[in-house]
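Enquirer: Return atomic coordinates for the entry below.
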Amino acid sequence: MQYKSNNNVVYSCKYHVVWCPKYRREVLVGDVETRLKQIIRGVAEQRQAEIIELEVMPDHVHLLIEVDPQYGIHRLIKQVKGISSRVLRSEFRQLRSRIPTLWTNSYFVSTVGGAPLKVIKQYIESQKEV
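Expert: Got it, this is the predicted structure:
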């Protein structure tokens with residue numbers, strides 16, 4: 001496992017994030033899909049986050065990303081969704097006519113990687129004996 005660091009923290013924080021357009025409309029196709037991927041990669045690069053995997057489906061986005069814990073996954077996703085909504089709705093007229101906003105307010109996030117929970121629990125329990 002490789003770790004990253006900033007001035008204060010050594011970390012490995014990987015997240016699986018999923019979000020979808022308002023009303024789960026199938027609008028993330030063709031040029032919209034291509035442009036969305038460019039925007040997500042640009043925001044991640046600006047925020048020093050590493051995209052491990054990115055897939056855009058017609059009605060949702062899957063993102064596997066590593067983020068500095070001091071920056072935070074919530075802050076990053078809020079920026080990705082905000083910037084991509086503003087840019088895509090200004091560039092693609094069809095995204096303004098059928099839905100009031102591009103994204104829903106919610107998203108799914110789960111941590112991934114590292115040791116299984118059972119192994120970590122055993123490690124913590126074994127520390128009493130050291």
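Enquirer: contact partners of the longest helix seen in the chain?
Expert: Among the segments of the chain that qualify as a helix by DSSP state H, the longest is helix 73-91. Identification of contacts with helix 73-91 by CB atoms under 8 Å, 6 or more residues apart in numbering yields 13, 15, 17, 19, 32, 35-36, 39-40, 43-44, 47, 49, 63, 65, 67, 95-96, 101-103, 107, 109. Using the backbone N, CA and C atoms, a C-beta is placed for each residue, glycine as well.
Enquirer: now these: which count as buried?
Expert: 13, 15, 17, 19, 32, 35-36, 39-40, 43-44, 49, 63, 65, 67, 95, 102-103, 107 (16 or more other CB atoms under 10 Å).
Enquirer: how about the closest residue to residue 25 other than its chain neighbours, what does it touch?
Expert: The shortest distance from residue 25 to any non-neighbouring residue, by CB to CB, 6 or more residues apart in numbering, is to residue 99 (5.8 Å). Counting by CB under 8 Å, 6+ apart, residue 99 touches 21-23, 25, 27.
Enquirer: Can you work out which other helices and strands pack against the worst-scoring helix or strand of the chain on mean pLDDT?
Expert: Using mean pLDDT, DSSP states H and E, helix 117-126 stands out as the lowest-scoring helix or strand of the chain, at a mean of 78. Under the contact definition 3 or more CB pairs under 8 Å, 6 or more residues apart in numbering; DSSP states H and E, helix 117-126 sits against no other helix or strand.
Enquirer: For that helix, list the C-alpha coordinates in CSV.
Expert: Output of helix 117-126 as CSV, limited to C-alpha atoms (Å, rounded to 0.1, in the frame of the first residue of the first chain):
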residue,chain,number,x,y,z
LEU,A,117,-12.6,-4.4,9.7
LYS,A,118,-12.0,-7.7,11.5
VAL,A,119,-8.2,-7.4,11.1
ILE,A,120,-8.2,-3.8,12.5
LYS,A,121,-10.4,-4.8,15.4
GLN,A,122,-8.0,-7.7,16.2
TYR,A,123,-5.0,-5.4,16.0
ILE,A,124,-6.5,-2.8,18.3
GLU,A,125,-7.5,-5.6,20.8
SER,A,126,-4.0,-7.0,20.7
